[in-house]
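Chemist: Dropping the sequence and predicted coords here.
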Amino acid sequence: MTAPHVLLLTQEHPTVAAVRSVLQSRAPAGDVAVCETMMDLRTHLSREPGGAEPRLALVDIDPDPERVLAELGKLTSTYPRTWFVAVSQEFDERHVLHAMQAGVRHFLRKSTIPTELDGVLQRLLAQGPRTAARLGTIVSVLACSGGCGATTAAINLANELRLATDRRVLVVDLDTHYGAAASYLGVKGRYGIGHVLARAGAIDRHVIESTAVTYGPGFDLLLSPAVTEADTAAPLDYDNLPAALEACREAYDYIVVDAPRVPRQVVADVAAASRVSVIVLQLTVRDVGVASELITFLAERGIPRERLWPLANRVRRRGPLLRLEDSRRAIGIHALHPVRSDWARAMKSVNRGQPLSEVAGRSGLRRDYRRLAARIRKCTSNGSLQSV
């Protein structure tokens with residue numbers, strides 16, 4: 001059994017005592033360095049040599065979880081050889097999702113430190129030192145109305161990210177009504193996301209990779225239960241969605257979640273786990289109103305507005321739809337990415353079961369999706385969020 005060296009960020013003496021008690025009971029005993037501020041933790045991380053054994057950092061996120069988790073998101077990428085574990089008095093689902101997105105490996109209640117910490121340490125130590133590889137990036141695609149083009153956006157964004165980076169992408173279809181992603185690309189499968197979420201055991205990257213179907217090199221899909229052969233018509237078990245998304249991040253570089261017609265709580269959970277949420281709408285009074293209300297709802301749930309990117313689909317220079325500038329003001333976010341109206345090429349893509357890059361590679365419609373994918377890559381690569 002390896003003796004762990006643990007960094008502990010907390011200002012609470014009972015938490016320090018509980019962690020020390022667990023470490024001293026191990027054979028061989030581990031040691032703990034206590035940090036009272038985030039600056040202290042950064043100092044310890046920067047000064048310690050990178051040895052063969054992984055380091056572990058327990059971070060008390062109370063009493064300001066949002067701020068601490070935001071800081072942790074920077075540390076997990078800067079110090080990839082360190083396993084980070086969040087500890088808190090309460091088990092809040094929103095904070096668990098934020099911790100997952102920040103790259104935290106486990107979420108632990110303070111009251112369970114005496115009984116659960118040793119098991120957590122054993123599991124993390126058994127995985128060996130972390131490598132420099134980063135977890136994948138989740139991009140969610142939310143719809144303001146049926147038929148607004150969200151699945152077209154999800155498929156083409158995933159494909160453009162794959163082509164531009166030469167990395168693996170996964171589309172997760174949460175649409176239980178139609179399963180449009182499979183229809184769009186003309187693929188079939190026996191299992192899908194319903195099968196994954198129904199698992200009673202652990203959900204890991206191997207479950208994801210063995211369940212996903214392949215469209216092309218580096219391009220996989222987790223199909224909706226509406227189109228899979230073995231999945232039942234039972235409602236998706238959304239309680240397992242955070243674990244499934246985390247496993248997707250371990251297996252793929254970009255995960256695009258097509259999430260139309262899902263409960264509002266699920267929308268909030270998916271958005272919390274996403275680096276960027278693309279909100280697809282058409283320039284109608286109804287869609288603009290829904291987009292404005294959805295952004296307000298997500299902002300109230302703690303999702304930063306800079307991570308919410310409205311996409312105006314089927315934009316024309318002239319016509320009965322609302323003007324782009326008027327829609328920007330109504331939504332309340334200045335950045336509103338336009339995608340032009342090109343019905344002929346869009347239908348050619350759908351009818352042939354291929355992304356736009358394969359059937360209309362030089363079209364303006366494809367260029368619009370390439371531009372949006374480039375902005376997503378930029379905010380992913382430099383760690384900052386920029387509006388579209």
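Modeler: Sure thing, it's come through. Numbers count the residues shown, from 1 in each chain.
Chemist: Wait, L294 touches A268, no?
Modeler: No - the criterion here is C-beta atoms under 8 Å, and L294 misses it with A268 at 10.0 Å. The way it works is simple: take the backbone N, C-alpha and C, and place the C-beta from them, glycine included.
Chemist: So between those two, which is more surrounded?
Modeler: L294 (23 against 20; other C-beta atoms under 10 Å).
Chemist: May I ask which helix or strand encompasses the residue lying closest to P65 once chain neighbours are set aside?
Modeler: The shortest distance from P65 to any non-neighbouring residue, by C-beta to C-beta, 6 or more residues apart in numbering, is to H95 (4.8 Å). Element membership for H95 (DSSP states H and E) is helix 93-101.
Chemist: got a list of contacts for that helix?
Modeler: Here helix 93-101 makes contact (C-beta atoms under 8 Å, 6 or more residues apart in numbering) with 61, 65-66, 69, 72-73, 86, 88, 107, 138, 242, 245-246, 268-269, 272-275, 301-302.
Chemist: Also stretch 308-328?
Modeler: Identification of contacts with stretch 308-328 by C-beta under 8 Å, 6+ apart yields 148-149, 152-153, 271, 276-285, 288, 291, 295, 298-299, 330-331, 333-341, 343, 372, 387-388.
Chemist: same question, stretch 61-70
Modeler: Residues contacting stretch 61-70 (C-beta under 8 Å, 6+ apart): 12, 38, 59-60, 72, 86-89, 92, 95, 98-99, 102, 104, 302.
Chemist: could you redo the last one with a cut-off of 10 Å?
Modeler: 9-12, 15, 38, 59-60, 71-72, 86-90, 92, 94-95, 97-102, 104, 107, 110, 302, 304 (C-beta atoms under 10 Å, 6 or more residues apart in numbering).
Chemist: mind checking the end-to-end distance for it?
Modeler: Start-to-end span of stretch 61-70 (C-alpha to C-alpha, to the nearest Å) is 10 Å.
Chemist: which residues sit against the helix or strand following the helix holding H95?
Modeler: Sequence order places strand 106-109 as the next helix or strand after helix 93-101, per DSSP H and E. With C-beta under 10 Å, 6+ apart as the test, strand 106-109 has contacts from 56, 58, 61, 83-93, 95-100, 116-117, 119-121, 123-124, 242.
Chemist: and the very next helix or strand once past strand 106-109, which residues are buried?
Modeler: Later in the chain than strand 106-109, the nearest helix or strand by DSSP H and E is helix 113-126. Residues of helix 113-126 classed as buried: I113, L117, D118, V120, L121, L124, L125 (neighbour count, 16 or more other C-beta atoms under 10 Å).
Chemist: average model confidence for helix 113-126?
Modeler: The average pLDDT within helix 113-126 is 85.
Chemist: who does the helix or strand just after that helix pair up with?
Modeler: The first helix or strand that comes after helix 113-126 along the chain, using DSSP H and E, is strand 137-143. With DSSP bridges as the test, strand 137-143 is paired with strand 254-258 (parallel), strand 276-282 (parallel).
Chemist: ok now the helix holding H95, how far from the chain's centre?
Modeler: Relative to its parent chain, helix 93-101 has a centroid offset of 10 Å by C-alpha atoms, centre = their mean, to the nearest Å.
Chemist: again, but for stretch 205-215
Modeler: With C-alpha atoms, centre = their mean as the basis, stretch 205-215 stands 17 Å off its chain's centre.
Chemist: Would you indicate which residues of it are buried?
Modeler: Going by neighbour count (16+ other C-beta under 10 Å), the buried part of stretch 205-215 is V207, I208, E209, T211, A212, V213, Y215.
Chemist: The fifth one contacts L222, doesn't it?
Modeler: Yes - A contact is recorded between A212 and L222 when judged using C-beta atoms under 10 Å, the distance being 5.3 Å.
Chemist: Find residues that contact each of these two.
Modeler: With C-beta under 10 Å, 6+ apart, A212 and L222 have common neighbours L170, V171, V172, G189, Y191, G192, I193, V196, C248.
Chemist: that older thread, quick check on the contacts of stretch 61-70: which are buried?
Modeler: Counted by 16+ other C-beta under 10 Å, the contacts of stretch 61-70 give 9-10, 15, 38, 59-60, 71-72, 86-88, 95, 97-102, 104, 107, 110, 302 as buried.
Chemist: Could I get the buried residue list for stretch 68-82?
Modeler: Across stretch 68-82, burial judged by 16+ other C-beta under 10 Å covers V68, L69, E71, L72, G73, L75, T76, Y79, P80, R81, T82.
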